[in-house]
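>>> quick check, what structure comes out for this input:
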Amino acid sequence: MTEHAALACAFAYFYCLLCAYYILRPVRDAMGVQAGAGALRWLFTATFLAMLALVPLFGWLCARLPRARLLPAVYAFFILNLVAF
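Model prediction:
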């Protein structure tokens, strides 16, 4: 892959990542408001605890699996979550 092609792929990936974030952000905010102000504290706490458990697990997987096998599996997991959502 040439340097320009790699740059174009990186730009397209980052653009899609930001696009997905800004599309899903209002949905996330609306769901939080609908749950009520009291539930926001529990939503943030649950997110923190999930990330506290999952980030070390992801690091462990990165150290033991080849990147060419791990990244497609991680991408497929998040794609399936977005489709299910």
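
>>> show me what the longest helix seen in the chain is packed against.
Scanning the chain for the longest helix, with DSSP state H as the assignment, gives helix 3-35. Helix 3-35 sits against helix 37-64, with contacts defined as 3 or more C-beta pairs under 8 Å, 6 or more residues apart in numbering; DSSP states H and E. Where you see a C-beta, it was placed from the backbone N, CA and C, and this is true even at glycine.

>>> after the helix it packs on, which helix or strand is next?
Where DSSP states H and E defines the elements, the next helix or strand beyond helix 37-64 is helix 67-84.

>>> what angle do that following helix and helix 3-35 make?
40 degrees (axes from the mean of the first three to the mean of the last three C-alpha atoms, to 10 degrees).

>>> which other helices and strands contact helix 67-84?
helix 37-64.

>>> so the helix it packs on versus helix 67-84, what angle?
160 degrees.

>>> tally of neighbours for residue 70?
The tally of other residues near residue 70 (other C-beta atoms under 10 Å) stands at 14.
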